[in-house]
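> sharing a model prediction with you, sequence too.
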Amino acid sequence: MKKPADHPKLPARKVGVLFANLGTPDGYDYWSMRRYLSEFLSDKRVIDYPAWKWQPILQGIILTKRPFSSGEAYKSIWNEELGESPLMTITKQQVAKLRSGLEKRFGAEIVTDFCMRYGNPSTKSKVREMVAAGCDRILFFPLYPQYAGATMATANDAFFRALMDEAWQPASRTIEPYFDDPAYVDALAQSVERDYAAIEKKPDLLVVSYHGMPERYLQQGDPYHCQCQKSTRLLKERLGWGDDDITTTFQSVFGPEEWLKPYTVEEVARLAKAGKKNIAVIAPAFSADCIETLEEIQEEIQEAFIEAGGESFTYIPCLNDEDAHIDALLGVAERNLAGWLE
């Protein structure tokens, strides 16, 4: 049917794949850090205390001091050449490869981009761009292997809120956690095998360190702890190792509550005192190296290990834009695009 002359011009129909990561401050100066931390720590999925109780503490005490210490941490790892955090640099590299892979598979009908849950580019801005480009179907892909309310769920929340502002909402899909995807587990194992082969003295133990969360969240039904434990088991089985070769810990404790244990920083010190003088650490809850891996693990956690008598500390990087990782992510995306694109 011929459209009236005054009918709004519509772009050709497309399918969007929007990858999402946690986020990053725009800079490591005080105000950039304060804006970022305020958005992050105001998220009810991250800190679920009542606003009347939490916001005065956050806006008064925490955001007066923490931007300085967090800014120093970011400064120590900042990509000065590009003027951005390593997480931003790596995410751009990942999505460039993912875009190329999806276009080779599906052609010009697909639009691939990324957003950040906190900071820029925002989820809302990227959803708006995709809709304007003609995307009437969007696959939203948070880059978290394991599900947690404070990671995958809050990313999905931001996506759904962005859809609320669209006059013509695109059809939408979100992915399931992919921690047990065979291709992903294999990519993780390959990274361990490659780094172990390059180490002169084989580590006594591989410490698999996941970002922590309050124990209370587990009791409330969050499956993150169970999925982390299964991630370690699947990695161990793929490597053909025994229980004595690998252990699970949790890092990044914040606030007065009890968090998932054992705490990585305490456990590596205990291991050193117990005679495990050579360890390797990997962080499979992160799809890209970031402040928690480049600064917390390689500085704070390594320092705790060495001070307790440890001798050799090896950090195995996140999968970042390794080809095996990109192939695994492409496989997840293709399965979730079934019926939309063939």
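Thanks, I have the structure now. Numbering: from 1, shown residues only.
> list the buried residues for the longest helix seen in the chain?
Counting residues, the longest helix found in the chain (DSSP state H) is helix 86-106. Neighbour counts over helix 86-106 (16 or more other C-beta atoms under 10 Å) mark 86-91, 94-95, 97-99, 101-102, 106 as buried. C-betas here are computed from N, CA, C, even on glycine.
> what does it contact?
Helix 86-106 is contacted by residues 15, 17, 19, 21-24, 77-79, 82, 110, 112-114, 116, 143, 287-291, 294, 318, 320-321, 323, 325-327, 329-330, 333-334, 337, 341 when judged by C-beta atoms under 8 Å, 6 or more residues apart in numbering.
> would you mind listing which of these are buried?
By neighbour count, with 16+ other C-beta under 10 Å, those hold 15, 17, 19, 21-24, 77-78, 110, 112-114, 116, 143, 287-291, 294, 318, 320-321, 325-326, 329-330, 333-334, 337, 341 as buried.
> quick check: the gap between the closest residue to Ile326 other than its chain neighbours and Leu239.
Once flanking residues are discounted, Ile326 sits nearest to Lys97: 4.7 Å by C-beta to C-beta, 6 or more residues apart in numbering. Distance, Lys97 to Leu239, using C-beta to C-beta, to the nearest Å: 25 Å.
> before we move on, what about Leu271?
Taking C-beta to C-beta, one finds Leu271 at 19 Å from Leu239.
> which one of those two has more residues nearby?
When Leu271 and Leu239 are compared for neighbours, Leu271 comes out ahead with 23 against 18, by other C-beta atoms under 10 Å.
> ok, the more buried one - contacts?
Leu271 is in contact with Asp204, Leu205, Val207, Ile279, Phe305, Gly310, counting by C-beta under 8 Å, 6+ apart.
> let's go with 10 Å and repeat that
Contacts here follow C-beta atoms under 10 Å, 6 or more residues apart in numbering; on that basis Leu271 touches 204-205, 207, 247, 249, 262, 277-279, 305, 308-310.
> try Val207
246-249, 251, 262, 264, 267-268, 271, 276, 279-283, 297, 301, 305, 313, 315-316.
> in PyMOL, how would I select just the buried ones from those?
Selecting only the buried entries of these in PyMOL, with 16+ other C-beta under 10 Å as the criterion:
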select buried, resi 246+247+248+249+251+264+267+268+271+276+279+280+281+282+283+297+301+305+313+315+316
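> in helices, which of the contacts of Val207 appear?
Counted as lying in helices by DSSP H, out of the contacts of Val207, are Thr264, Glu267, Val268, Leu271, Phe305.
> and the gap between the closest residue in space to the last one that isn't next to it in sequence and Ala132?
By that I understand Phe305. Leaving aside its sequence neighbours, Phe305 sits nearest to Val268 (C-beta to C-beta, 6+ apart; 4.1 Å). Separation of Val268 from Ala132 (C-beta to C-beta) stands at 49 Å.
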